[in-house]
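*Asks:* any chance you can model this:
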Amino acid sequence: MGSNNGLDVSNALDVVSECAAEGRKNRQVSTKAVEAIRDTGFFRSFLPKQYGGLECTPQEIFKAAIDIAERDMATSWISGIIAVHAYQLSLMDPKAAQDVYGAGPDTLVSSSYNPTGAKVETVDGGFNLSGRWGWSSGSGHCSWVLVGGLIFDQGPENIHYRTFLVPRADYEIEDTWNAMGLQGTGSNDIVMDKPMFVPEYRTHHQMDGFNRKHYQDNPMYSIPWAQMFVRVVCTPAIGAAKHALRLFIENATGSSTDPTRLAGDPDVTRRVAEVANLIDETEAIMYRNFDELMDCVQNDREIPIEDRIKYRYQASLVIERMMKAVDMLFDVAGGRSVFNGSPIQEIWHDIHIARAHVANNPIGFARNWGAVKLGGENKDVFI
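*Replies:* Alright, predicted model coming up:
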C-alpha cells in the first residue's frame, strides 16, 4: 500500500491539532501548521524527483491526508489540494514546472477551476486572461495559482477548457470566505481585474488530462489527472469521520457515572458499529481503486474507461457516506454538541460544507456510469 519514500506526517499532527481552532477563527490555516506539514515533505509527495519531489504512491499520499484530517479536516483539505497541483504540473510542458519549482520544491500552488468568471483571449504565444474565481483553498499560503477558463475564439469546433498557471504578482486575493464550515481553508477569491498574459506552455488542455499525456519516467503519472484531483476534495472526510467517531466514543465512555450504560444501549452500539464499518468500507474502496490503477500503469495496460467512470463515481460518494456516518453520531451526541465550539459539531459542519464542492455531487457520475453499463456513451472527460 505504501512506497519506499517513507512519507510520514506524524511529526506534524500535534501542531495541526494545536492550530486547528486558530485556523477556524482566522478563516485560514495557520502558517505554523502549514510549515509543519511542509517539513514532513507532504507538499512534495506528488512532485517528480527531478524537481526535488518524492514521487510517493497515491496510497501513501492519501493515507497521510487521512491522518492529517483526523486532527483537522481544513488542514488536510488545503494540504491535499496544494500538494496535488505538483501532479498536474508534471503533466504540463516541463517549462511550467521549472518556472514554479526552479526556486525550490516546496513552492506552493493553489487553484480555482470553475471557468464561469474567466475571460480568455487567444493571442500570439498564449492567452490574455482576466476574471474572478472563487473557492481557492489555501491561496493565502501560495505564490502561484491554477485557474480554469473556456476558449471560445479558436473556432466553433475547438471550444475547449484549459487550466492556466499564473504567478502571484498577476492576481489579487479577495477575502470572501465567510462560511459555516471548513473555515480554515481560507477559500477566497482570485481576481484579475485586467488581462494578464499567460504563455501557452503554462496551460493544460483538458483533453491532455483525459488522454493521460505527461512528461515523466515514472508510470504513476499515467494515472488520469482527474482520478488524483477528485480524491483530495473527498478523502479528508474519511479522517474527519474517524475523528468524530473517536470523540463520540471518548464522550460516551467518559461522561457518565456509569461508563457501561451507553455500551448497553442497542441504538448507540448499532450506530457505532455502522459508522466504523462505513469508514472502513469507504477507505478500503479507495485503496482498492488505486491498487488497480497502479497495476495498470505499472504494467503498461490501458485503464478501461468503465473503470475510470466507476472510480470517479465512487470518489463522489465519499462525502455522502461520511456525512451519513457523522450524522448518525451527531444525532445521539448529547446536549453539549449543540453549543458553538463543540468539536463534533464542527466536524459536522466541515463535512456538510465539503458536500457543496461540485466534485462531491454524485448524481451526474451515477447517471454516467449507469448509462455506460447499459451500453451508452461516456459523457465525462474528467475521469
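
*Asks:* and the helices in the stretch 101-250 of the chain?
*Replies:* Remark: helices assigned in the stretch 101-250 of the chain by DSSP state H, counting those that start in this stretch are 206-210, 225-232, 236-254.

*Asks:* relative to R38, which of these is closest?
*Replies:* helix 225-232 (16.5 Å; Cβ to Cβ). Placement of C-beta: from N, CA and C, glycine included.

*Asks:* what helices and strands are in contact with that closest one?
*Replies:* Helix 225-232 sits against helix 58-69, helix 73-91, helix 206-210, helix 305-316, with contacts defined as 3 or more Cβ pairs under 8 Å, 6 or more residues apart in numbering; DSSP states H and E.

*Asks:* and that helix, which residues are buried?
*Replies:* W225, A226, Q227, M228, F229, V230, R231, V232 (16 or more other Cβ atoms under 10 Å).

*Asks:* give me the angle between it and helix 73-91.
*Replies:* 170 degrees (axes from the mean of the first three to the mean of the last three Cα atoms, to 10 degrees).

*Asks:* residues making contact with helix 225-232?
*Replies:* 46, 58, 62, 65, 77, 80-81, 83-84, 87-88, 91, 209-210, 286, 293, 308, 311-312, 315-316, 359, 382-383 (Cβ atoms under 8 Å, 6 or more residues apart in numbering).

*Asks:* most tightly packed of the helices and strands packed on helix 225-232?
*Replies:* Across those, averaging neighbours per residue (mean count of other Cβ atoms under 10 Å) puts helix 73-91 on top, at a mean of 28.

*Asks:* and that helix, how far out from the chain middle?
*Replies:* Taking Cα atoms, centre = their mean, to the nearest Å, one finds helix 73-91 lying 6 Å from the centre of the chain it belongs to.

*Asks:* now stretch 233-248
*Replies:* For stretch 233-248, the distance to the chain centre is 14 Å (Cα atoms, centre = their mean).

*Asks:* using CSV, list the CA coordinates for that stretch.
*Replies:* What follows is stretch 233-248, C-alpha atoms only, in CSV (Å, rounded to 0.1, in the frame of the first residue of the first chain):
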residue,chain,number,x,y,z
VAL,A,233,-11.5,17.0,-2.0
CYS,A,234,-13.2,13.9,-0.6
THR,A,235,-10.5,11.9,1.3
PRO,A,236,-10.2,14.4,4.2
ALA,A,237,-13.8,13.5,5.2
ILE,A,238,-12.6,9.9,6.0
GLY,A,239,-10.2,11.3,8.5
ALA,A,240,-12.8,13.7,9.9
ALA,A,241,-15.3,10.9,10.4
LYS,A,242,-12.7,8.9,12.2
HIS,A,243,-12.1,11.9,14.4
ALA,A,244,-15.8,12.2,15.1
LEU,A,245,-16.1,8.5,16.0
ARG,A,246,-13.2,8.8,18.4
LEU,A,247,-14.7,11.9,20.0
PHE,A,248,-18.1,10.2,20.3
